[in-house]
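*Asks:* fold the following, please.
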Amino acid sequence: MKIDFNKNSEGLVPAIIQDATSKNVLMLGYMNLEAFEKTQNTKKVTFFSRTKNRLWTKGEESGNFLNLVDLKLDCDNDTLLIFVNPVGPTCHKGSDTCWNDSNLASYGFISRLEETISNRIENADASNSYVASLFKKGINKVAQKVGEEAVEVVIEAKDTNDDLFLNESADLLFHYLLLLQAKGFKLNDVVEILKGREK
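*Replies:* This next block holds a predicted model:
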């Protein structure tokens, strides 16, 4: 890896820190050659602190280390993207990220759909919301609906109409997300179990 530490007079390159699992950006720091080498050798992310004018390993005082997973160099050889497993909050102010965001895994549209379901359960009138009305009928009705949708997916899987199969699959996923919330869980709880089974 040929990092260009000479593009500025300080001999520093930006190091973007990203959670290897959630893919959330946690912070930005700067590295000189010595900080980069120490990071590689210790597997703990080390920066060059411009305010302290010395090397600084994240977590050296707090214990909230950034354990190195992988790193990439950008196309101009002057910016690092560093993938880490964080131990505790990243920001010195106690938040998960230096932008005061939670470092939760996000599944894009699926996570937004989970939030929509949650909002409908909590705020919508059952008379004009399918989600609220089904949820109000109780766990047995929600579970029954998941069962019905699963059977429909199996039936359509044996047929040749891909459009029907995909639509029934969407219905099953939607109702499964609703069932998870009816049981007090989110998709991330299931993902954590699957990750625990990874070999």
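*Asks:* please enumerate the helices of the protein.
*Replies:* Remark: helices assigned in the chain by DSSP state H are 33-42, 109-123, 130-136, 139-157, 162-182, 187-197.
*Asks:* residue 101 and residue 24, how far apart?
*Replies:* 7 Å (CB to CB, to the nearest Å). For glycine as for every other residue, the C-beta is placed from the backbone atoms N, C-alpha and C.
*Asks:* tell me which of those two has more neighbours.
*Replies:* Using other CB atoms under 10 Å, the more surrounded residue of residue 101 and residue 24 is residue 24, with 19 against 13.
*Asks:* check contacts around the closest residue to that one other than its chain neighbours.
*Replies:* Here the nearest residue to residue 24 in space, its sequence neighbours aside, is residue 103; by CB to CB, 6 or more residues apart in numbering that works out to 5.1 Å. Contact analysis of residue 103 by CB atoms under 8 Å, 6 or more residues apart in numbering lists 19, 22, 24, 26, 86, 90, 96, 97.
*Asks:* just the closest of these to residue 171, please.
*Replies:* Relative to residue 171, the closest of the contacts of residue 103 is residue 22; by CB to CB it sits at 28.4 Å.
*Asks:* what sits closest to the closest one if chain neighbours are left out?
*Replies:* Nearest one to residue 22, counting by CB to CB, 6+ apart, is residue 105 at 4.5 Å.
*Asks:* I'd say that neighbour and residue 190 touch.
*Replies:* No - if you go by CB atoms under 8 Å, residue 105 and residue 190 don't touch, sitting 11.4 Å apart.
*Asks:* show me which of these two is the more surrounded one.
*Replies:* residue 105 (16 against 12).
*Asks:* relative to residue 72, how far out is the more buried one?
*Replies:* For residue 105, the distance to residue 72 equals 21 Å [CB to CB].
*Asks:* in the one helix or strand in the chain whose mean pLDDT sits lowest, what's buried?
*Replies:* When each helix and strand of the chain is scored by mean pLDDT, DSSP states H and E, helix 187-197 comes last, with a mean of 89. Neighbour-count burial for helix 187-197 flags 187, 188 (criterion: 16 or more other CB atoms under 10 Å).
*Asks:* so what secondary structure elements neighbour that helix?
*Replies:* With contacts defined as 3 or more CB pairs under 8 Å, 6 or more residues apart in numbering; DSSP states H and E, helix 187-197 has these neighbours: helix 109-123, helix 162-182.
*Asks:* what helices or strands is the last one leaning on?
*Replies:* Secondary structure elements in contact with helix 162-182, counted by 3+ CB pairs under 8 Å, 6+ apart, are helix 109-123, helix 130-136, helix 139-157, helix 187-197.
*Asks:* how distant is the second one from the center of its chain?
*Replies:* From the chain centre to the centre of helix 130-136 is a distance of 29 Å (CA atoms, centre = their mean, to the nearest Å).
*Asks:* which helices and strands sit right next to that helix?
*Replies:* helix 109-123, helix 139-157, helix 162-182.
*Asks:* deepest in the core, which of these is it.
*Replies:* Highest mean neighbour count among those (mean count of other CB atoms under 10 Å): helix 162-182, with a mean of 17.
*Asks:* right, I'll leave it there.
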